[in-house]
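S.K.: Sequence first, predicted coordinates after that:
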Amino acid sequence: MGKRLSVFGIIFLSLFLFSYSCQDHEIPGVPPSLVTLEVSPGAIRCEIAFNLNVVDTGNMPVTEFGVVIAGFGFLGQASDTPTVGTHTKLVFDPPFSTGNKKKNSGVCSNQFSYRAYAILNNGTVIYGNLLSYQDV
C-alpha cells in the first residue's frame, strides 16, 4: 500500500510541475523596419510621388504608416527632422506589407525633408531614414 501511494504521489507531483512548465511565454515584440526612398516626379506640375520600402513588417500591429514631411509649404523648416504630431503626414493606403509603397502628393515646394514612419497599436512611432529634397 505504501509503495502504491509513493507511485501516485510521484505521478501527481509530476503532473503538477508539468502544468506549470507549459505556461505561455510572451514573445518579444519585433517592430517593423522601414526605408525612406527618394521622391520621384509626378505626372503633372506640383505633384511628387513619395516612396518607402517596408523591409520587414515585424510582429507588432501597425495602425498607420506613411511619410512625415517638414519644410516650406509644410509645418516646420526644411532643416527640421520631421516627426509625427509636429509635422505634416502623408498617410499611405493599407495594407501594411513588405515591399515598395508609393503615394502621390500635390507638393509645390522646392525644399523639404522627409522620412517614412509607422505607428504601432501601442502608439509607438517607428521611423525610417531621413532624406532631403531640393529642386534646383
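M.R.: Good, I have the coordinates.
S.K.: which SS class is the nearest residue to Asn122 once chain neighbours are set aside?
M.R.: In this structure, Asn122 finds its nearest non-sequential neighbour in Met60, 7.6 Å apart by Cβ to Cβ, 6 or more residues apart in numbering. Glycine gets a C-beta too; all of them are placed from N, C-alpha and C. With DSSP: H, G, I helix; E, B strand; the rest coil as the basis, Met60 sits in coil.
S.K.: what sits against the most centrally placed residue in the chain?
M.R.: The chain has Ala118 as the residue nearest its centroid, 3.4 Å off, counting by Cα atoms, centre = their mean. By Cβ atoms under 8 Å, 6 or more residues apart in numbering, Ala118 lies in contact with 31-32, 34, 54, 62, 64-65, 96, 125-126.
S.K.: Sketch out the low-pLDDT regions of the chain for me.
M.R.: 1-5, 20-25, 73, 75-76, 78, 136 (pLDDT under 70).
S.K.: mind listing the strands in it by residue range?
M.R.: 33-41, 48-56, 62-71, 88-91, 99-105, 111-120, 125-134 (DSSP state E).
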